[in-house]
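Undergrad: I'd like to go over a predicted model; first the sequence, then the structure.
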Amino acid sequence: MDTIVLDKIEFNPSTPQVFKKLRIKKGSRNEGLVHDLIEQAKGIGHPKAIYTISGINDKDEKGVVLDGYRIDSRVMRVNLSDVNRVFPYIATSGRELYEWRQTKDDLLENYYADEISQMALRTAGKTLLDHLKKTYQLGRTSSMNPGSLKDWPLSGQQILFKLLGNPEDAIGVQLLESLLMVPNQTVSGIRFVSESDFSNCELCPRDNCSHRRVPYDKDLFQRKYQ
Ligand code: SF4
């Protein structure tokens, strides 16, 4: 299956929404600065996403084979028990905002620019999810992301990028030798139909994670995945 690129994603963050996220109060010292940053980001922001549809060629106790590429992950194996296709994807804030942020030498300004870029990433992720649900009439879906769990470590990025052809040419996302991605506000993963609302966070014991979506369930691995 070819890859599909979504590159006409509008980025139009509302000022009250950004002020709330950055805890900026009306009349405060940084109100003008953040207002300017929002206008700049709206002018250049160009979030994007890429995905493909991969068939599951094989499943065994320890993993799955997607389009001929083996992934060793017991959690993925169990999560994909009832499906025969998945949607590998990357969503990104885009190079434009990444390069814009690099020009911000002031620490606080740089932080605000990064937070605004994160909103662009969320816009890309939501647009992609809405697109998948509408185009393929998907019901409830879940996602797994390489590096979120020991069971599917960051090295999983290599196969994910292979499944997606050439994400650098298509949407400007580069995979570094460290397996991190540039732009930093980028997320990669595999989405699949699931009635059980899987979240990596349920299996992740990490303390103090500001992105945690659901509480850690310490018995879940033993209960469902062992
Ligand atoms: S708790 Fe944080 S680090 Fe762990 S999976 Fe969730 S978002 Fe990722």
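TA: Thanks, I have the structure now.

Undergrad: what helix or strand does the residue lying closest to Asn12 once chain neighbours are set aside sit in?
TA: Nearest residue to Asn12, sequence neighbours excluded (C-beta to C-beta, 6 or more residues apart in numbering): Lys42, at 6.1 Å. Where you see a C-beta, it was placed from the backbone N, CA and C, and this is true even at glycine. Per DSSP states H and E: Lys42 is located in helix 31-44.

Undergrad: need the residues that contact the next helix or strand after that helix.
TA: Once helix 31-44 ends, the next helix or strand along the chain (criterion: DSSP H and E) is strand 48-51. Residues outside strand 48-51 that contact it (C-beta atoms under 8 Å, 6 or more residues apart in numbering): 3-7, 9, 87-92, 94, 124-125, 127-128, 131-132, 164, 167, 170-173, 191.

Undergrad: how far off centre is stretch 41-58?
TA: Centre-to-centre, stretch 41-58 and its host chain are 9 Å apart (C-alpha atoms, centre = their mean, to the nearest Å).

Undergrad: so the lengthiest helix in the chain versus helix 31-44, what angle?
TA: Secondary structure of the chain read by DSSP state H shows that its longest helix is helix 107-136. Taking axes from the mean of the first three to the mean of the last three C-alpha atoms, to 10 degrees, one finds helix 107-136 and helix 31-44 inclined to each other by 40 degrees.

Undergrad: tell me the secondary structure of the closest residue to Arg212 other than its chain neighbours, please.
TA: The spatial neighbour of Arg212 that comes closest, neighbours along the chain excluded (C-beta to C-beta, 6+ apart), is Cys201 at 5.1 Å. Secondary structure, DSSP: H, G, I helix; E, B strand; the rest coil: Cys201 is helix.

Undergrad: the longest helix of the chain: which residues count as buried?
TA: 109, 112-121, 123-125, 127-129, 132 (16 or more other C-beta atoms under 10 Å).

Undergrad: how many neighbours does Glu177 have?
TA: Number of residues near Glu177 (other C-beta atoms under 10 Å) recorded here: 5.

Undergrad: do the same with Leu66
TA: 24.

Undergrad: which strand residues bridge it?
TA: Beta-bridge pairing for Leu66 (DSSP bridges): Ile56, Tyr69.

Undergrad: mind giving me the packing neighbours of the helix or strand containing Val187?
TA: Val187 belongs to strand 186-193 when assigned by DSSP H and E. Helices and strands touching strand 186-193, as assessed by 3 or more C-beta pairs under 8 Å, 6 or more residues apart in numbering; DSSP states H and E, comprise strand 85-92, helix 107-136, strand 141-144, helix 156-163.

Undergrad: how about the CA coordinates for that strand, as PDB?
TA: Extracted C-alpha coordinates of strand 186-193, given in PDB (Å, rounded to 0.1, in the frame of the first residue of the first chain):
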ATOM      1  CA  THR A 186       6.400  14.700  16.200                       C
ATOM      2  CA  VAL A 187       4.700  11.500  17.100                       C
ATOM      3  CA  SER A 188       4.900   8.100  15.400                       C
ATOM      4  CA  GLY A 189       2.900   5.000  16.000                       C
ATOM      5  CA  ILE A 190       0.600   2.300  14.800                       C
ATOM      6  CA  ARG A 191      -3.100   2.800  15.100                       C
ATOM      7  CA  PHE A 192      -5.600  -0.100  15.100                       C
ATOM      8  CA  VAL A 193      -9.200  -0.800  15.700                       C
END
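
Undergrad: sounds good, over and out.
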